[in-house]
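**Q** Whatever this is, show me its structure:
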Amino acid sequence: MNKLEESRKLIDEIDTKIISLYEERMKIVEEVIKYKIENNISILDSSRESKMLKNNLNKIKNDKYKKYYSDILSGYLKASKAMQEDIKNNVNK
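**A** Coordinates of the predicted model:
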């Protein structure tokens, strides 16, 4: 196996771990939207999102990766809000 194949195999293994964590995250998002629905709280919380980005960027040790992280977090937040909207809309039917 050459270096490229080895690197791709490692990326695939990391992606599998990320998928598992993503599923865990989304299960918690389901709990969040249940609470928001019960307490009539808006799905969007811009201050929370800004705080998350800032706090998470501070956790990244290698500065050259920081500028790419906001895209990743934005994707997670977009998926989270979309799922919350779906759940909220299905509750109101």
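**Q** drop to CA atoms for contacts and neighbour counts, all remaining ones
**A** OK.
**Q** Can you give me the distance of the most centrally placed residue in the chain to Lys3?
**A** Nearest to the geometric centre of the chain sits Tyr76, at 2.9 Å (C-alpha atoms, centre = their mean). Tyr76 sits 31 Å away from Lys3 when distances are taken as C-alpha to C-alpha, to the nearest Å.
**Q** and if you look at Asp71?
**A** With C-alpha to C-alpha as the criterion, Asp71 and Lys3 are 28 Å apart.
**Q** same check, this time on Ser42
**A** Taken as C-alpha to C-alpha, the span from Ser42 to Lys3 is 48 Å.
**Q** likewise Ile60?
**A** Counting by C-alpha to C-alpha, the gap from Ile60 to Lys3 is 26 Å.
**Q** quick one: which of these two has more around it?
**A** More crowded of Ile60 and Lys3, by other C-alpha atoms under 10 Å: Ile60, with 12 against 8.
**Q** Leaving out sequence neighbours, find the closest residue to the more buried one.
**A** Lys66 (6.5 Å; C-alpha to C-alpha, 6 or more residues apart in numbering).
**Q** List the buried residues in the helix or strand hosting Lys17.
**A** Lys17 belongs to helix 3-38 when assigned by DSSP states H and E. Across helix 3-38, burial judged by 16 or more other C-alpha atoms under 10 Å covers 26, 29, 33-34, 37.
**Q** of all these, which comes closest to Met52?
**A** Set against Met52, the nearest of the buried residues of helix 3-38 by C-alpha to C-alpha is Val29 (14.6 Å).
**Q** who touches the closest one in this structure?
**A** When the contact criterion is C-alpha atoms under 8 Å, 6 or more residues apart in numbering, the partners of Val29 are 80, 84.
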